[in-house]
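# For reference, the sequence and a predicted model appear below.
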Amino acid sequence: MSSTTMSAQAGNNSSGPPDVLARGTRVTAPDIAVVVLYLIVTVGIALWSMLKHHQSSAQSYFLAGRNMNWILVGGSLFSSNIGSEHFIGLAGSGAATGIAVAGYEWNSLFIIALLGWLFVPVYLASGVYTVPEYLHRRFNSRRLRVYATVLSLLMYVLTKISVDVYAGALFIQQSLDWNLFLSVAVLIIITGFFTLTGGLRAVMVMDTMQTVLMVIGALVVAIRSFHVIGGVEGLFEKYPQAITTIGNQSVVEKCGKPPSDALHMIRGPETADFPWPGFGGIFIASIWYWCTDQVIVQRCLAAESLSHAKGGCVVTMFLKILPMFLIVMPGMISRVLNPDTVGCADPIICQQVCESQSGCSNTAYPQLVLGLMPAGLRGLMLSVMVAALMSSLTSVFNSSSTIFTMDVWRNLRKDASQKELMVVGRITVLVMVVVSIAWIPFVKGAQGAQLFIYIQFISGRITPTMAAIFLLAILWTRTTEQGAFWGAMCGTAVGLIRLILDFIYPKPTCPTVDTRPAVIKLHFLYFNIILFVSVGIVTVVVSLFTEPLSEQSIARLTWWTRHSTVEYLQENPEAADTEAPSPPMELSALNETGPRKSSISQETSEIGPWYKRLWRAMLGLEESKRSTETQPGDKHVLHETRRDQIILNIAAATACVTVTILWIIYR
């Protein structure tokens, strides 16, 4: 379907939102069959994982028994990160502003290396289940644990669940012409069931399969797109001329042209959408997301050793090079092919096209897929979007249940059994499903012209605080509980005030003159840097004026003490009441030189009908015949062979050098 035809639709149907895509470009019966097959396989894997790997303990359900290999860790990390909001958001930002948005993806390689080589060794040595639990151990502080828990759950609702749901809904609605809320509700229920039954093991196995599916599907779309446009050279030649021809011409002249620096990664410091000094703010936000977010960290905690956790990080680093070519540039191609819809500038026309006056760039990827892919392959890409949505949501649901169960419920029920914790975890998933469905009506109101930027915008008000606190906690042994707490409170207060002001003074749509106060106009990436530095200063100053923690209370809880042989001792008697069942590495384990697994034989009762056994298995009430789990105290998880260290270091360095070369090429 040509852009002229779509332009005519948008211009002639002013009485209501027109159909952006012709009926002939919607999915057909073969496409539906592909999607149904994918859903059947997904549910089948959940049931298989539940029945084969009985989740008979909290460790097996929340951390997959701590015996996942590097392939599953890497696949799950990437799949948890690249959700449907990336396909919609990155492609949309690429269509709107060019290639610079890929800087978020390429910068993350260095932060993922920081995760594997700095943060994960400390997390594994501490033996924690959750990130908030680490703060509790590090500072003997219940209030910091509660703070991190509440903040994490809030961020999941604001920047993960809601955004994923909207992005998936946008693709499904345009593809299938289903009712928006019904289609998303069905997907969320299936996703919740998948997480409910299988635990982290099933989530990580399916995440890895979905990573393969997403890469293959996106590669097919990218090859087809570059073939149509004439390669990268053709794209760079045609993108600057991708200007809409409909609507108010004065508005189009001012707002409808791609930025003059759209083909450059490094842009001016004052007026650009992605100012080059602001990349420091991207690094800061990435530290929170990759190094302190439970969704990501939980996958590394499930690794059977530090080498496998690092290996997973290396796999993810190489995969993160791809979004520029598989998502961002195809989004730009979509604007070239559909300038009157993807590149609409007049708010009235945009409202008719996609029901958003601020722009329709978020429709770039759906329009590209439905316009270029033949029958069958459209179903494949719809499965890719469903996979992206489900992988991201399953990760959030599982991590949410882990945080609530381990950081909230266990504080309320100090004598809770393993079975009780597992039941609570599954109930938490159900609650998250209900909350997600209830949030759907608010999703459309929360989204902006560029979905990916909305995520960065919201998270940038809160995440710099957490990044500063965790970096100081791990790197500076002198950091005290009072310093961390008051740094967190000051940073959160400033961030929330700025967030409220942003809602009070929303950014006007082009071509309206921006009359907001100067402090509100400050770019969010610059704000990230200012907030990060401010929190660091407050934390350091308060820490220097308060009594330091003893050597025993920080044993194996910082980078410098991760190999400590000093016996761990909590100084705060109240903190001991909520000590996690898997303590930091025992002294005897520090002398181990390799992994050792323990086989725990347990009796199982197979008496009763199959449906009762299935129900008990879903609730985690049926014990396995023989469960094989890696116990945190049974081996030295920080042990690495010299060969593993060399291979992993070379691989990580290769990824970083590769992306640096790409930065230079596309600067």
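Thanks, I have the structure now. In this text the structure is predicted, and so the values were computed from the model without any measurement.
# Any stretches of the stretch 251-400 of the chain with poor pLDDT?
271-272 (pLDDT under 70).
# Just read off the phi/psi values of residue 106.
Taking degrees, to the nearest 10, you get phi -70, psi -40 for the backbone angles of residue 106.
# For it, which non-adjacent residue is spatially closest?
Distance criterion Cβ to Cβ, 6 or more residues apart in numbering; nearest residue to residue 106, sequence neighbours excluded, is residue 659 at 4.8 Å. C-betas here are computed from N, CA, C, even on glycine.
# With residue 369 instead?
Closest to residue 369 by Cβ to Cβ, 6+ apart is residue 381, at 4.6 Å.
# Tell me how far the one you found lies from residue 40.
Plainly put, residue 381 is 18 Å away from residue 40 if you go by Cβ to Cβ, to the nearest Å.
# what do you get for residue 113?
As judged by Cβ to Cβ, residue 113 and residue 40 stand 38 Å apart.
# And stretch 553-561, what's buried?
For stretch 553-561, burial by neighbour count (16 or more other Cβ atoms under 10 Å) applies to 553-559, 561.
# ok so, going back, show the pLDDT at the residue nearest to residue 106.
Residue 659 is assigned 96 on the pLDDT scale.
# sorry, back to before: from memory the residue nearest to residue 369 sits against residue 368, does it?
No. Contact between residue 381 and residue 368 fails when scored by Cβ atoms under 8 Å: they sit 9.3 Å apart.
# Give me the common contacts of those two.
Common contacts of residue 381 and residue 368, defined by Cβ atoms under 8 Å, 6 or more residues apart in numbering, comprise residue 221.
# tell me the contacts of the nearest residue to residue 208 once chain neighbours are set aside?
Leaving aside its sequence neighbours, residue 208 sits nearest to residue 75 (Cβ to Cβ, 6+ apart; 3.0 Å). By Cβ under 8 Å, 6+ apart, the residues touching residue 75 are 204, 207-209, 211-212, 312, 315.
# Redo these as a markdown table? Include neighbour count, secondary structure and distance to residue 70.
Converted to a markdown table, the contacts of residue 75 look like this (neighbours: other Cβ atoms under 10 Å; DSSP: H, G, I helix; E, B strand; the rest coil; distance: Cβ to Cβ, whole Å):
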| residue | neighbour count | secondary structure | distance to residue 70 |
| --- | --- | --- | --- |
| 204 | 31 | helix | 12 |
| 207 | 26 | helix | 14 |
| 208 | 22 | helix | 11 |
| 209 | 18 | helix | 16 |
| 211 | 26 | helix | 13 |
| 212 | 12 | helix | 15 |
| 312 | 30 | helix | 5 |
| 315 | 24 | helix | 7 |
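# and which of those is nearest to residue 396?
residue 207 (12.1 Å; Cβ to Cβ).
# From residue 111, how far out is that closest one?
Plainly put, residue 207 is 20 Å away from residue 111 if you go by Cβ to Cβ.
# and if you look at residue 434?
34 Å.
# again, but for residue 341
35 Å.
# More neighbours: these two, which one.
The residue with more neighbours, out of residue 341 and residue 111, is residue 341; 29 against 22, by other Cβ atoms under 10 Å.
# Thought residue 367 was touching the more buried one, still the case?
Yes. Using Cβ under 8 Å, residue 341 makes contact with residue 367 at a distance of 6.5 Å.
# Looks to me like residue 539 is in a helix.
Yes. Per DSSP: H, G, I helix; E, B strand; the rest coil, residue 539 lies within a helix segment.
# what's the neighbour count on residue 268?
Residue 268 has 13 nearby residues by other Cβ under 10 Å.
# so what's the closest residue in space to it that isn't next to it in sequence up against?
Nearest residue to residue 268 in three dimensions, chain neighbours excluded: residue 275, at 6.4 Å (Cβ to Cβ, 6+ apart). Each residue near residue 275 by Cβ under 8 Å, 6+ apart is listed here: 267-269, 523, 525-526.
# Would you mind checking those residues for buried ones?
Members of these classed as buried by 16+ other Cβ under 10 Å are 267, 523, 525-526.
# would a markdown table of those with distance to residue 182 and secondary structure be doable?
Below are the buried ones among the contacts of residue 275 laid out as a markdown table (distance: Cβ to Cβ, whole Å; DSSP: H, G, I helix; E, B strand; the rest coil):
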| residue | distance to residue 182 | secondary structure |
| --- | --- | --- |
| 267 | 42 | strand |
| 523 | 39 | coil |
| 525 | 38 | helix |
| 526 | 42 | helix |
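# Those into CSV, with extra columns for distance to residue 543?
Below are the buried ones among the contacts of residue 275 laid out as CSV (distance: Cβ to Cβ, whole Å):
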residue, distance to residue 543
267, 37
523, 30
525, 27
526, 26
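# just checking, residue 338 touches residue 371?
Yes. Contact criterion Cβ under 8 Å: residue 338 and residue 371 qualify, at 7.2 Å.
# the more surrounded of the two?
Per other Cβ under 10 Å, whichever of residue 338 and residue 371 has more neighbours is residue 338, with 28 against 20.
# how close does the more buried one sit to residue 233?
Taking Cβ to Cβ, one finds residue 338 at 21 Å from residue 233.
# so what's residue 315 closest to, chain neighbours aside?
In space, residue 315 is closest to residue 74, 2.7 Å off (Cβ to Cβ, 6+ apart).
# So what's the gap between the one helix or strand the one you found maps to and the chain middle?
Per DSSP states H and E, residue 74 falls inside helix 70-81. What separates the centre of helix 70-81 from the centre of its chain is 11 Å, taken as Cα atoms, centre = their mean, to the nearest Å.
# who's in contact with residue 122?
134, 474, 556-559, 562.
# could the residues you listed go into a markdown table alongside pLDDT, secondary structure and distance to residue 480?
Shown next, in a markdown table, are those (pLDDT from 0 to 100; DSSP: H, G, I helix; E, B strand; the rest coil; distance: Cβ to Cβ, whole Å):
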| residue | pLDDT | secondary structure | distance to residue 480 |
| --- | --- | --- | --- |
| 134 | 93 | helix | 16 |
| 474 | 96 | helix | 14 |
| 556 | 90 | coil | 18 |
| 557 | 93 | coil | 13 |
| 558 | 95 | coil | 13 |
| 559 | 94 | coil | 17 |
| 562 | 90 | coil | 19 |
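# Adding distance to residue 67, write those out as JSON lines.
Shown next, in JSON lines, are the contacts of residue 122 (distance: Cβ to Cβ, whole Å):
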{"residue": "134", "distance to residue 67": "21"}
{"residue": "474", "distance to residue 67": "25"}
{"residue": "556", "distance to residue 67": "21"}
{"residue": "557", "distance to residue 67": "24"}
{"residue": "558", "distance to residue 67": "26"}
{"residue": "559", "distance to residue 67": "25"}
{"residue": "562", "distance to residue 67": "21"}
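# Between those residues, which sits nearest residue 394?
Using Cβ to Cβ, the contacts of residue 122 come closest to residue 394 at residue 134, 23.1 Å.
# The closest one is in contact with residue 126, isn't it?
Yes. Proximity of residue 134 to residue 126 meets the contact threshold set by Cβ under 8 Å, at 5.9 Å.
# where do the contact lists of those two overlap?
Common neighbours of residue 134 and residue 126 (Cβ under 8 Å, 6+ apart) are residue 557.
# Give me the three-state assignment for residue 115.
helix.
# does it really touch residue 299, like I thought?
No. The criterion here is Cβ under 8 Å, and residue 115 misses it with residue 299 at 10.2 Å.
# Quick one: low-confidence residue ranges for the stretch 451-600 of the chain.
If you take pLDDT under 70 as the line, the stretch 451-600 of the chain has these spans: 451-454, 569-600.
# Quick one: the strands in it, in order.
According to DSSP state E, counting those that start in this stretch, the stretch 451-600 of the chain carries its strands in the segments 598-601.
# for the chain, same thing?
Secondary structure of the chain (DSSP state E): strands at 598-601, 626-629.
# burial of residue 257, as a residue count?
Residue 257: 16 neighbours (other Cβ under 10 Å).
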